[in-house]
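Asker: let's see this in three dimensions:
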Amino acid sequence: MGIYLFNTEVLIQLLSNTVDDDFGGEVIPSAISDRRVYGYDFDDFWQDIGTIRSFYNTNLMLTRNDSPFGFHDPRRPIYSRPRFLPGSIIEGASLNNVLLADGCHVCQAEISDSIIGLRSQIANDVKITRSILMGADYYETSPNKPENIPLGLGKGCLVHGAILDKNVRLGPGVEIHPYPRGTEIDHELWVVRDGIVVIPKNTTLPAFTKIGPHLDG
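Answerer: Residues are numbered from 1 along each chain as shown. Now for the predicted structure:
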């Protein structure tokens with residue numbers, strides 16, 4: 001974690017006399033010899049989420065009852081940008097260790113150890129485990145034609161060990177399973193990073209697509 005405070009004049013002097021561009025590894029260490037440099041020893045919760053694996057693990061860790069960080073601590077409130085979305089609708093779904101954002105519509109699905117992002121649309125008979133759904137940037141306002149795949153997860157999808165970026169569309173019966181740790185794959189519609197399947201933003205997966213070891217298709 002790096003939070004840096006500089007005197008503007010001093011900062012300009014530092015950067016005008018060096019080719020270094022990394023504050024933590026180069027600029028600050030080189031300034032210690034002739035500048036007043038102070039540090040603060042931070043000993044509370046902190047995680048580096050600079051990789052897909054660390055981003056995935058850290059987010060899922062926050063869904064647990066024994067999470068090392070509490071979003072509802074009155075002494076350290078968490079503020080986010082107000083979006084004025086409606087409350088989420090849950091139609092008979094089973095949720096266990098789930099962080100659920102505003103504006104979602106979850107039908108009769110089974111979801112555990114997962115994060116469900118803004119405006120997520122989840123149909124009947126969907127199973128989601130250890131996954132992160134980023135949600136959607138908008139609602140669809142026009143009726144969908146039968147041949148189109150609507151925003152969200154279609155009926156009967158199974159998503160395990162994956163990250164779905166914003167505005168993803170999964171047709172009915174799509175299956176996503178994780179790969180062994182260390183696996184790296186670049187597919188036309190999806191990628192795998194350190195075994196985690198990532199569906200990029202605005203991607204549509206046709207009905208009954210299978211992703212996982214020995215299932216790709």
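Asker: look at the residue of the chain most remote from its centre and give its secondary structure.
Answerer: Seen from the C-alpha centroid of the chain, the residue lying at the greatest distance (Cα atoms, centre = their mean) is residue 34, 42.0 Å away. Following DSSP: H, G, I helix; E, B strand; the rest coil, the label given to residue 34 is coil.
Asker: list the buried residues of stretch 156-174.
Answerer: Neighbour-count burial for stretch 156-174, counted by 16 or more other Cβ atoms under 10 Å, picks out 156-174. Every C-beta, even on glycine, is put in place using the N, C-alpha and C of the backbone.
Asker: check stretch 79-90 too.
Answerer: Neighbour-count burial for stretch 79-90 [16+ other Cβ under 10 Å]: 88, 90.
Asker: just stretch 188-203 next, same as before
Answerer: Result for stretch 188-203 [16+ other Cβ under 10 Å]: buried residues 190, 191, 192, 193, 194, 195, 196, 197, 198, 199, 203.
Asker: residues contacting it, please?
Answerer: Identification of contacts with stretch 188-203 by Cβ atoms under 8 Å, 6 or more residues apart in numbering yields 51-53, 56, 134, 161-170, 176-185, 204-205, 209, 211-212.
Asker: from the buried residues of stretch 156-174, which land in strands?
Answerer: 158, 159, 160, 162, 163, 164, 169, 170 (DSSP state E).
Asker: now the second one: how far from residue 79?
Answerer: This means residue 159. 30 Å (Cβ to Cβ, to the nearest Å).
Asker: the last one now?
Answerer: In this structure, residue 170 and residue 79 are separated by 32 Å, where distance is defined by Cβ to Cβ.
Asker: local confidence estimate at the residue farthest from the centre of the chain?
Answerer: According to the prediction, residue 34 has pLDDT 81.
Asker: so who does it touch?
Answerer: Contacts of residue 34 (Cβ under 8 Å, 6+ apart): none.
Asker: phi and psi next, for it.
Answerer: phi -140, psi 10 (degrees, to the nearest 10).
Asker: and it, how close does it get to residue 19?
Answerer: Taking Cβ to Cβ, one finds residue 34 at 18 Å from residue 19.
Asker: and what of residue 73?
Answerer: Residue 73 is 43 Å from residue 19, by Cβ to Cβ.
Asker: of the two, which one has the most company?
Answerer: residue 73 (9 against 6; other Cβ atoms under 10 Å).
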